[in-house]
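S.K.: next comes the sequence, and after it the predicted model I'd like to discuss.
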Amino acid sequence: MHEDVVRIEELEPEILQGIHLTLTRVPDIVEVYKSLNREELPSRVSFGKIGELDQTRFPIGKFEPIPLPSSEERQSFINQIPDITITLRHTLTNLTLDQLQTPYRHEGWTIQQVVHHLADNDMNAYLRFKRALTEDEPLVHSYREDLWAELNDYKDVPIETSILLLESLHSRFLSVLNGMNSDDYHRKLRTQLLGNITLDIALQRFVWHNRHHIAQITSLIRRNGWS
């Protein structure tokens, strides 16, 4: 029998990335929302069953971490990072300006917004990693990604700007990752929703998040017959 779950939509990166809060009562929802320092409940709270993922929103499924990865498993995640922008460029090849303004799902972000979001998310992730490597379990705050996506740069700046940013950022991030030892990956971040998470988990989430959004774009292209 599946547990009832609730997803607070499009507010916290952790929720957007498929993390399910197991909540069975409305008061629980209110308390979690208050903990995020929000004044009002979200306009959309979707209830569902674990395992019944929206394939449009989560085309590669929810994030499922490996709590204690082997060195080989860890390296496999690192090795995926150089391919992220290559895959993204290939996916976006030949899309028109009108197609870039198409939401990947009903009431979702446009392709252009998704690309700019990837740059913003990865910048935040990179800085969080560096803080965890130089501070003792720093508290990292989330950001209002739903509101960031409404700012002018998401609408006016060409996607190439964010792709170039991602290429440069990933190059620096890889340098940091390749200089880390096993103990470094056990260092932790403190988050508002997930508590303490290791850099091993943060690395896996980084890779999953990029694959997740690229798959959303790929799914839209396939559904609309643009390829």
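M.R.: That came through, no problem.
S.K.: which residues of the chain fall in strands?
M.R.: For the chain, the strands defined by DSSP state E cover 4-8, 45-49, 188-191, 195-198.
S.K.: now the first one: mean pLDDT?
M.R.: It stands for strand 4-8. If you average the pLDDT over strand 4-8, you get 38.
S.K.: what's the least confident stretch among the strands of the chain?
M.R.: strand 4-8 (a mean of 38).
S.K.: mind listing what R128 touches?
M.R.: When contacts are counted by Cβ atoms under 8 Å, 6 or more residues apart in numbering, R128 touches 138, 140, 189, 202. Any C-beta I mention is one placed from the backbone N, CA and C, and that applies to glycine too.
S.K.: quick check: the last one touching L189?
M.R.: Yes. Under the criterion of Cβ atoms under 8 Å, A202 is in contact with L189, at a separation of 6.3 Å.
S.K.: quick check: neighbours shared by the two?
M.R.: With Cβ under 8 Å, 6+ apart, A202 and L189 have common neighbours 128, 132.
S.K.: show me what contacts I214?
M.R.: Contacts of I214 (Cβ under 8 Å, 6+ apart): 84, 87-88, 91.
S.K.: residue ranges with poor pLDDT in this structure?
M.R.: 1-53 (pLDDT under 70).
S.K.: hey, where'd the helices end up in it?
M.R.: 13-16, 26-35, 71-92, 97-100, 111-134, 145-148, 152-156, 159-178, 199-224 (DSSP state H).
S.K.: which of the contacts of I214 are buried?
M.R.: 84, 88, 91 (16 or more other Cβ atoms under 10 Å).
S.K.: count the neighbours of L97 for me.
M.R.: L97 has 9 neighbouring residues, counting by other Cβ atoms under 10 Å.
S.K.: distance of it relative to Q216?
M.R.: Per Cβ to Cβ, to the nearest Å, L97 is found 19 Å from Q216.
S.K.: check L118 too.
M.R.: L118 is 11 Å from Q216, where distance means Cβ to Cβ.
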